[in-house]
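Peer 1: Just the structure for this:
(one chain, ligands or ions: 2)
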Amino acid sequence: MRALLLVDIQNDFMPFGSLPVPHGDEVVAVANALMDSVDFVVATQDWHPQTHGSFASNHYGRAQGDIVTLGGVSQVLWPDHCVQGLPGASFHAALNVARIDAVVRKGTDPLIDSYSGFFDNGHRQDTGLTDLLRSRGVTELVVVGLATDYCVKYTALDGETEGFDVVVIEDGVRAVDLSAGDGEKALAEMREAGCRVEHLRDLLG
Ligand code: VGL
Ligand code: ZN
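Peer 2: Ligands and ions are numbered 1, 2, ... in the order given. Reported below is the predicted structural model:
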């Protein structure tokens, strides 16, 4: 069984959002196009309380891009984004949400971030995604979404270690690229970990 995993295709990660991913809106059409090639569609949703420790605004005297320790692990400070219930946390309006079978929310604990859809950044708490996928008999995970160098990367890496065959759709992901080349480096790391990196056309074949 093959599942499509939509990673954080949310307004705040779009070019018009508070944590803009360049060309982030271009993943929406790729996501929609893949929905007929899979058995099951799961979306992750970054879902932070306003008090979340990954927000620079919650660290007096710190700025966006600074590095702090949060939950015992290194943490980049971000602009406020994907606040629970606000429009920025909603899926992009053009995403075919009628085809989403399950939504997994993450980043809800203010004391630790969760880039991966499977575990928090300290690998302490799981989101239930593995159990959900296994209960549906999923063996192959097709990954698209945002951002290549953060949530896509950690979700794909955890998907591999959780025993799924992970296929990352290169034209269905976009990077934040805080440093130039971060997205390309992330794709290389995913390949080294055993993920396949393919194009939309290879799957529609
Ligand atoms: C993400 C930074 C902070 C992502 C989420 O979805 O890649 N990046 N929160
Ligand atoms: Zn976040």
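Peer 1: hey, C-alpha coordinates of the helix or strand of the chain with the lowest mean pLDDT in PDB?
Peer 2: Among the helical and strand segments of the chain, the one scoring lowest on mean pLDDT, DSSP states H and E is helix 200-204, with a mean of 94. In PDB, the C-alpha atoms belonging to helix 200-204 read as follows (Å, rounded to 0.1, in the frame of the first residue of the first chain):
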ATOM      1  CA  LEU A 200       6.400  13.700 -10.400                       C
ATOM      2  CA  ARG A 201       6.500  12.300 -13.900                       C
ATOM      3  CA  ASP A 202       8.300   9.100 -12.700                       C
ATOM      4  CA  LEU A 203       5.300   8.400 -10.500                       C
ATOM      5  CA  LEU A 204       2.600   9.300 -12.900                       C
END
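Peer 1: Tell me which residue in this structure sits closest to ligand 2.
Peer 2: The minimum distance from the chain to ligand 2, using Cβ to the ion, falls at Asp46 (4.2 Å). The way it works is simple: take the backbone N, C-alpha and C, and place the C-beta from them, glycine included.
Peer 1: I'd like the distance between that residue and Gly17.
Peer 2: Computed as Cβ to Cβ, to the nearest Å, the Asp46 to Gly17 distance reads 11 Å.
Peer 1: The closest residue to Arg105 other than its chain neighbours: neighbour count?
Peer 2: Excluding its sequence neighbours, the residue lying closest to Arg105 (Cβ to Cβ, 6 or more residues apart in numbering) is Trp47, at 3.8 Å. For Trp47, the number of neighbouring residues by other Cβ atoms under 10 Å comes to 20.
Peer 1: Next one: Trp47 relative to Val41, how far apart?
Peer 2: Taking Cβ to Cβ as the criterion, Trp47 is separated from Val41 by 18 Å.
Peer 1: Does the longest strand along the chain pack against any helices or strands, and if so which?
Peer 2: Longest among the strand segments of the chain by residue count, using DSSP state E, is strand 165-174. With contacts defined as 3 or more Cβ pairs under 8 Å, 6 or more residues apart in numbering; DSSP states H and E, the secondary structure elements packing on strand 165-174 are helix 27-34, strand 140-146, helix 153-161, helix 182-192, strand 196-198, helix 200-204.
Peer 1: No more questions from me, cheers.
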